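Novice: test case, fold it:
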Amino acid sequence: MKTVKYIGILITASTLFFSCVPLNQFRELEEANTELSDKVDNLSSEKELLEGRNEELKELADRLKKQVAELTADTLKKGREVRGCRNDLQKLRTEYEDLLTQLRNQTGAGDSEELLNYLQKLQEDLQAREDALIASERDLDAREKELQEAMAKLAAAQKELETAQAELAAQNQRLLELEQALARKDSASNALRQAIADALTGFDQSQLKVHIKNGKVYVSMEEKLLFGSGSYQVSAEGASAIRQVANVLGNKKDINIMIEGHTDPVPYSSGKLLDNWDLSVKRATSVTRILLENSAIDPSRVIAAGRGSHVPLVSNDTPEGKRKNRRTEIILTPRLDQILDILETN
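Specialist: This is a model prediction of the structure:
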């Protein structure tokens with residue numbers, strides 16, 4: 001028997017009355033399903049980064065607001081000082097002009113000398129006040145400029161904060177929608193698993209198993225339930241079990257179905273079949289035909305595949321292991337259209 005690993009897909013128009021979706025489409029769905037958890041994790045990480053950036057921007061905005069408040073108060077104080085200097089300077093100028101007028105009208109030498117001395121002192125005081133006024137105005141201009149720069153920084157920080165908050169809100173909404181869609185998918189998978197398990201309660205539970213793995217529902221039936229040794233003709237009991245599954249799937253329009261045949265590695269050949277690959281494919285298509293007796297199941301959602309002996313559940317070293325590995329699996333994959341639409345939209 002050839003040992004090259006492959007998936008045998010039997011789609012022969014003369015022998016099959018159903019169609020199969022391309023295998024790559026099933027693989028794409030499978031890959032998308034396995035990547036969704038990583039995408040949720042990535043979105044959660046991005047959300048944490050955005051939340052951290054939000055906090056940084058809030059702290060920056062608070063610091064800038066405090067700085068603006070301090071600069072505003074200081075600018076007001078400097079403004080009052082400048083106005084006070086101007087008032088004092090105006091008073092001194094007025095007093096100086098009055099004294100100068102008196103000096104011009106004075107006739108006594110003693111009085112004139114005393115008035116001149118006072119004028120000299122007043123002029124010096126006037127010059128000092130003018131110098132102080134110029135310094136205060138220069139300081140006020142610098143503070144006003146610093147205030148304007150701080151206000152510009154604050155406006156930029158607030159704008160960036162608003163943008164970050166909008167991004168965070170959008171990210172939260174995106175993550176919420178994705179988590180809700182995933183939760184609905186998981187809920188649907190659990191409901192489907194339970195419905196099929198309930199439908200198969202009348203069969204030997206040691207020969208079948210219904211479980212969820214990687215977001216897909218697996219209905220695994222051992223060879224003994226479905227086929228005779230080396231045969232691909234489904235037994236009456238096996239056909240009944242398959243029809244029970246078909247009844248559940250008939251109302252599930254958003255489920256893609258893959259039927260996989262599996263064998264043990266014991267070499268096999270017969271007049272019609274070459275090896276275990278052929279046997280696994282024929283068993284898969286035999287199950288598929290019975291499944292599609294339910295006309296509510298769209299054949300375009302169905303894939304029949306043979307895996308030979310290359311995907312064992314357990315070791316083939318024991319007869320018990322070989323028995324468990326000789327099985328047919330109906331793998332049900334919920335369609336991810338809604339989830340993928342959410343990812344593409346966002």
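
Novice: quick one: low-confidence ranges for the stretch 201-346 of the chain?
Specialist: 336-346 (pLDDT under 70).

Novice: in three-state terms, label residue 221 for me.
Specialist: strand (DSSP: H, G, I helix; E, B strand; the rest coil).

Novice: give the contact list for the closest residue to it other than its chain neighbours.
Specialist: With sequence-adjacent residues excluded and distances taken as Cβ to Cβ, 6 or more residues apart in numbering, residue 221 is closest to residue 208, at 4.8 Å. Just so you know, the C-beta spots here come from the backbone N, C-alpha and C atoms, and that holds for glycine as well. Applying Cβ atoms under 8 Å, 6 or more residues apart in numbering to residue 208 gives the contacts 200, 219-222, 225, 241.

Novice: which one of these is nearest residue 266?
Specialist: residue 222 (15.5 Å; Cβ to Cβ).

Novice: how far away is the closest residue to the closest one other than its chain neighbours from residue 173?
Specialist: With sequence-adjacent residues excluded and distances taken as Cβ to Cβ, 6+ apart, residue 222 is closest to residue 207, at 4.5 Å. Distance of residue 207 to residue 173, computed by Cβ to Cβ, to the nearest Å: 47 Å.

Novice: check residue 77 too.
Specialist: On the measure of Cβ to Cβ, residue 77 and residue 173 end up 47 Å apart.

Novice: ok, now residue 244?
Specialist: Per Cβ to Cβ, residue 244 is found 42 Å from residue 173.

Novice: tell me which of these two has more neighbours.
Specialist: residue 244 (17 against 11; other Cβ atoms under 10 Å).

Novice: surely the more buried one is in a helix?
Specialist: Yes: counting by three-state DSSP, residue 244 falls inside a helix.

Novice: show me where the stretch 101-250 of the chain has its helices.
Specialist: For the stretch 101-250 of the chain, the helices defined by DSSP state H, counting those that start in this stretch cover 109-199, 223-226, 236-249.

Novice: most tightly surrounded among those helices?
Specialist: Ranked by mean neighbour count, these are led by helix 223-226 with a mean of 22 (mean count of other Cβ atoms under 10 Å).

Novice: who are the packing partners of it?
Specialist: helix 236-249, strand 327-334 (3 or more Cβ pairs under 8 Å, 6 or more residues apart in numbering; DSSP states H and E).

Novice: quick one: it to chain centroid distance?
Specialist: Remark: helix 223-226 is offset 44 Å from the chain centroid, using Cα atoms, centre = their mean, to the nearest Å.

Novice: with stretch 245-257 instead?
Specialist: With Cα atoms, centre = their mean, you get 30 Å for stretch 245-257.

Novice: burial measure for residue 282, as a count.
Specialist: By other Cβ under 10 Å, the residues close to residue 282 number 21.

Novice: surely it touches residue 273?
Specialist: Yes: at 6.6 Å, residue 282 and residue 273 qualify as touching, with contact defined as Cβ atoms under 8 Å.

Novice: overlap in contacts, the two.
Specialist: residue 232.

Novice: what's the angle from the strand or helix carrying residue 97 to helix 109-199?
Specialist: In this structure, residue 97 sits in helix 23-105 according to DSSP states H and E. Angle of helix 23-105 versus helix 109-199, following axes from the mean of the first three to the mean of the last three Cα atoms, to 10 degrees, is 170 degrees.

Novice: helix 23-105 vs strand 327-334, what angle?
Specialist: Counting by the same axes, to 10 degrees, helix 23-105 lies at 30 degrees to strand 327-334.

Novice: what's helix 23-105 packed up against?
Specialist: So helix 23-105, by 3+ Cβ pairs under 8 Å, 6+ apart, packs with helix 109-199, strand 255-262, strand 302-306, strand 327-334, helix 337-345.

Novice: try 10 Å this time
Specialist: Under the contact definition 3 or more Cβ pairs under 10 Å, 6 or more residues apart in numbering; DSSP states H and E, helix 23-105 sits against helix 109-199, strand 216-222, strand 255-262, strand 302-306, strand 327-334, helix 337-345.

Novice: possible to save the helices and strands packed on helix 223-226 as CSV with distance to residue 49?
Specialist: CSV is the format used below for those (distance: least, Cβ to Cβ, whole Å):
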stretch, distance to residue 49
helix 236-249, 43
strand 327-334, 31
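
Novice: need the contact list for residue 240.
Specialist: Contacts for residue 240 (Cβ atoms under 10 Å, 6 or more residues apart in numbering) come out as 200, 202-203, 234, 290.
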